[in-house]
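In: Give me coordinates for this.
(chains A, B, C and D)
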There are 2 protein chains.
Amino acid sequence: MGRPREFDVDEALETAMELFWRKGYEGTSLTDLTEGMGITKPSLYGVFGNKEGLFLKALERYERTKMNFFHEALKEPKARVVAEKILRGFADAQTAEKDPSGCMGINGALACSEAAAEIQKCLIENRHRGERDLSKRFERAAQEGDLPPGHEPFDLARYIMTISQGTAIQAASGADRAALYRVIDMALQFWPEPGTQGS
Amino acid sequence: MGRPREFDVDEALETAMELFWRKGYEGTSLTDLTEGMGITKPSLYGVFGNKEGLFLKALERYERTKMNFFHEALKEPKARVVAEKILRGFADAQTAEKDPSGCMGINGALACSEAAAEIQKCLIENRHRGERDLSKRFERAAQEGDLPPGHEPFDLARYIMTISQGTAIQAASGADRAALYRVIDMALQFWPEPGTQGS
DNA sequence: ATGATTATATACCGATCGGTAGAAAAAAAT
DNA sequence: ATTTTTTTCTACCGATCGGTATATAATCAT
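Out: Got it, this is the predicted structure:
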């Protein structure tokens, strides 16, 4: 009952995600948001709580719609394929034509005022979570003899995430997908491709 | 002649640099700056013009005092040593105990509002300049037969800068120097150390 | 001592920030 | 048709944003 909502919540959230992705949490004003989403401030606050709540919901959407490749990649049977799919997945997301360049989780709040400290902390935890998930996957690989010798699972995970974060800056600086792919090829050179027959 | 200045310009600039480094251009308010520098707004505007001018002068100081390793590294005779010195130089600067974590050139304005677009553009050009300088150095190395086979100079330069930008995010996320060094070791594995005797 | 010059401190500017109060409008329930 | 519920619109809130006008204080030159 009650007056029906005149805008599509999901569509509005998509716009908010794009704005936060492109301009960051603090760089995006409520005016940017309401004008972009085509709604007024009371409507925004009624549905999303406040700016912080809206950002967190937009981030959730980002993870669900743009970072879904990550946990899919973890299911790959060979660790080197996991690594490559993650690297190329990030590069693809960071250079999609219709989306902002770079990574929302980094663009969102890398350095900021005290007012955004909570968002910043949340994004850092986000990165750590991805690193931890990948590390766990590589621990399994280590037990399976599926890692290149002389490397700890956690170091390998941080290595992969570091490359991905580097490509995020590259994309935000104008690098195109082909350039990032060449970087990824170089980053994986040390990691021998799995032979078609087991060792 | 005239009333003498009561504060040290260089010292004030150092503080401004640290603030912009830690909180970014838009995340640092004039109140943060004046309180940190121990001067009033009219003094700040009298010496540095405005916030944008202050940031640019702080960035100049950053390049001069914290990024000096970069052009030093370019003078190394072997390309692989150039690469390693640059990577470790960035990691050192990004994890110095008494300085903010990460890189001022990235923290400064990665994603921002239109108001900071000029600063953002300036920082992007800054990154491109470094990449170009390194690329030129690697072109020389290519002529000298000093590059690993199968790689273009510009790709190698972008690769090195991508790793460094990745470690900047890692440092801003809490990674310590030892962790970054392990990443760097992995990133350089594909690049054979120069033999003690020439080929 | 008196100007001329430069830096300081105080107080202020319009604009924008994130956020909200209150009334009107649109639907469902009775 | 009236009440209830929810959304929308307009207008506004105090706080802070970057930036400045004005007056006073401190120096040098004469």
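In: Please name every helix or strand in contact with the lengthiest helix in chain A.
Out: The single longest helix within chain A, with elements called by DSSP state H, is helix A:117-143. On a contact count with 3 or more Cβ pairs under 8 Å, 6 or more residues apart in numbering or on different chains; DSSP states H and E, helix A:117-143 meets helix A:51-66, helix A:68-73, helix A:79-94, helix A:104-107, helix A:153-172. (Glycine included, C-beta is placed from N, CA and C.)
In: so which of these gets nearest DNA strand C?
Out: helix A:51-66 (3.3 Å; Cβ to the nearest atom of the strand).
In: mind listing what's buried in the closest one?
Out: Going by neighbour count (16 or more other Cβ atoms under 10 Å in any protein chain shown), the buried part of helix A:51-66 is A:51, A:54, A:55, A:57, A:58, A:59, A:61, A:62, A:63, A:66.
In: where does chain A dip in pLDDT?
Out: Chain A contains residues with pLDDT under 70 at A:195-199.
In: ok, now with 90
Out: A:1-2, A:193-199 (pLDDT under 90).
In: per the record, what domains does it have?
Out: As assigned by automatic domain parsing, chain A contains the domains A:9-61, A:68-187.
In: What about contact with DNA strand C: does the shortest one have any residue there?
Out: Read it as domain A:9-61. Yes - Domain A:9-61 lies within reach of DNA strand C by Cβ under 7 Å from any atom of the strand, at A:26, A:28, A:29, A:30, A:31, A:32, A:41, A:42, A:45, A:50, A:51, A:52.
In: Format the residues you listed as CSV; extra columns: secondary structure.
Out: Shown next, in CSV, are the residues of domain A:9-61 next to DNA strand C (DSSP: H, G, I helix; E, B strand; the rest coil):
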residue, secondary structure
A:26, coil
A:28, coil
A:29, coil
A:30, helix
A:31, helix
A:32, helix
A:41, helix
A:42, helix
A:45, helix
A:50, coil
A:51, helix
A:52, helix
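In: buried subset of the residues you listed?
Out: A:26, A:28, A:32, A:51.
In: Identify the residue spatially nearest to residue A:71, adjacent ones excluded.
Out: residue A:133 (7.4 Å; Cβ to Cβ, 6 or more residues apart in numbering or on different chains).
In: hang on, isn't the one you found packed against residue A:67?
Out: No - with contact defined as Cβ atoms under 8 Å, residue A:133 does not reach residue A:67; the gap is 11.2 Å.
In: who touches both of these two?
Out: Common neighbours of residue A:133 and residue A:67, counting by Cβ atoms under 8 Å, 6 or more residues apart in numbering or on different chains, are absent.
In: In terms of neighbours, single out the busier of these two.
Out: Taking neighbours as other Cβ atoms under 10 Å in any protein chain shown, residue A:133 and residue A:67 compare with residue A:67 leading, 19 against 14.
In: Distance check, the more buried one against residue A:141.
Out: 21 Å (Cβ to Cβ, to the nearest Å).
In: Over to residue A:131?
Out: 15 Å.
In: One more: residue A:115?
Out: 42 Å.
In: who has more neighbours, the two?
Out: Taking other Cβ under 10 Å, residue A:115 and residue A:141 do not tie; residue A:141 has more neighbours (20 against 13).
In: burial measure for the closest residue to the more buried one other than its chain neighbours, as a count.
Out: Residue nearest to residue A:141 in three dimensions, not counting chain neighbours: residue A:79, with 3.6 Å by Cβ to Cβ, 6+ apart. By other Cβ under 10 Å, 23 other residues sit near residue A:79.
In: phi, psi of residue A:8?
Out: Dihedral pair for residue A:8: phi -90, psi 120, per degrees, to the nearest 10.
In: and it, how far is that from residue A:136?
Out: Applying Cβ to Cβ to residue A:8 and residue A:136 gives a distance of 37 Å.
In: Equivalent analysis for residue A:56, please.
Out: Taking Cβ to Cβ, one finds residue A:56 at 25 Å from residue A:136.
In: How about the residues of chain A by DNA strand D?
Out: So far as Cβ under 7 Å from any atom of the strand goes, chain A lies against DNA strand D at A:1-7, A:39-43, A:46-47, A:113.
In: Which two of these have the greatest separation?
Out: Farthest pair in these (Cβ to Cβ) is A:1 and A:113. Separation: 42.0 Å.
In: check contacts around the residue in chain A that chain B sits nearest to.
Out: Using Cβ to the nearest Cβ, residue A:166 is the residue of chain A that sits closest to chain B, at 3.1 Å. With contact taken as Cβ under 8 Å, 6+ apart, residue A:166 is in contact with A:183, B:161, B:162, B:163, B:164, B:165, B:166, B:167, B:169.
In: do you know how far it is from residue A:94?
Out: Counting by Cβ to Cβ, the gap from residue A:166 to residue A:94 is 10 Å.
In: which residues does residue A:13 contact?
Out: Applying Cβ under 8 Å, 6+ apart to residue A:13 gives the contacts A:48, A:54, A:57, A:58, A:61.
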